[in-house]
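Enquirer: No sequence on hand, only this structure:
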Ligand SMILES: N[C@@H](CCC[C@H](N)C(=O)O)C(=O)O
């Protein structure tokens, strides 16, 4: 049998979206491993399974991201922005709430895209998690000087002179798999633009490679840069290869992630039918 999907991307971080209310996929991990493959499948950084609750004001959408390795990620900044656009299109609203494993986010339409209020972030080792007695700030792990933060998912953030000079596919995997991270980590490098903003590159856990953009990574750069005194800009402009993101801070002290979202195309994928009882 086949299941329809809609393909979205947020600054190049791309996802197949499947309506989880309408379509049952018995083995989500198998589907993600097969269809996220950029050679033999549709090609994407993950599959978002979305279940809409239209009765609420604003409407709610339950978001589950299954990554190309078949595992579930608790949170995804760009995925949340794509999920919000999908839900806003379906409900004709300009605001939605998104339920993730890392917490509930509010998302609003902006002039040029979608902004989400991120979940609470932490530098606490237990919350990242990292096996350390105190917060990890500018410490060398597997050859890279990193600061550890959890912005919904863990990021090892490293500031360098020029992100384009970093051989990320070589430098990142030892950090991503370092023993001190019981659940692994994303690895994000950033270089200052001299104007309070940063260029970004991220090697993503679950994708096991570099993506064109990572929303939790952009927020990680902004909060770590502010914490270390590298910027006092608000919003902080963060530029991954796939487009420009803005990270601002609201009066609740929460980070807001904003940027464009695009609907690319629709299609169908084949799945095994559910086993009848
Ligand atoms: N691309 C995402 C992050 C997705 C989760 C990450 N790969 C993980 O496993 O922690 C984003 O935009 O935040």
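Expert: Right, received. Where do you want to start? It should be emphasised that the depicted structure is a prediction, and the values quoted were computed from it without experimental measurement. Residues are numbered from 1 along each chain as shown.

Enquirer: so is the closest residue in space to residue 73 that isn't next to it in sequence in a helix, a strand, or just coil?
Expert: Leaving aside its chain neighbours, residue 73 sits nearest to residue 65 (4.7 Å; criterion: CB to CB, 6 or more residues apart in numbering). Backbone N, C-alpha and C define where each C-beta goes, glycine included. Following DSSP: H, G, I helix; E, B strand; the rest coil, residue 65 is assigned to strand.

Enquirer: Do I have it right that residue 65 meets residue 44?
Expert: No: using CB atoms under 8 Å, residue 65 is not in contact with residue 44, being 10.8 Å away.

Enquirer: sorry, back to before: what score does the residue nearest to residue 73 have for pLDDT?
Expert: If you check residue 65, the pLDDT there is 98.

Enquirer: since we're on it, how many residues are nearby?
Expert: Close neighbours of residue 65, defined as other CB atoms under 10 Å, add up to 26.

Enquirer: ditto for residue 145
Expert: Per other CB under 10 Å, the neighbour tally for residue 145 reads 14.

Enquirer: how about stretch 204-222, does it reach the ligand?
Expert: Yes: for stretch 204-222, a contact with the ligand is found by CB under 6 Å from any ligand atom, at 204-207, 211, 214-216.

Enquirer: likewise stretch 249-257?
Expert: No: applying CB under 6 Å from any ligand atom, one finds stretch 249-257 separated from the ligand by no less than 8.3 Å.

Enquirer: which neighbours do residue 65 and residue 44 share?
Expert: residue 15 (CB atoms under 8 Å, 6 or more residues apart in numbering).

Enquirer: Same question for the strand or helix carrying residue 49: list its buried residues.
Expert: Using DSSP states H and E, residue 49 sits in strand 47-53. Across strand 47-53, burial judged by 16 or more other CB atoms under 10 Å covers 47-50, 52.

Enquirer: same check, this time on stretch 225-233
Expert: The neighbour-count check on stretch 225-233 (16+ other CB under 10 Å) flags 225-226, 230-231, 233 as buried.
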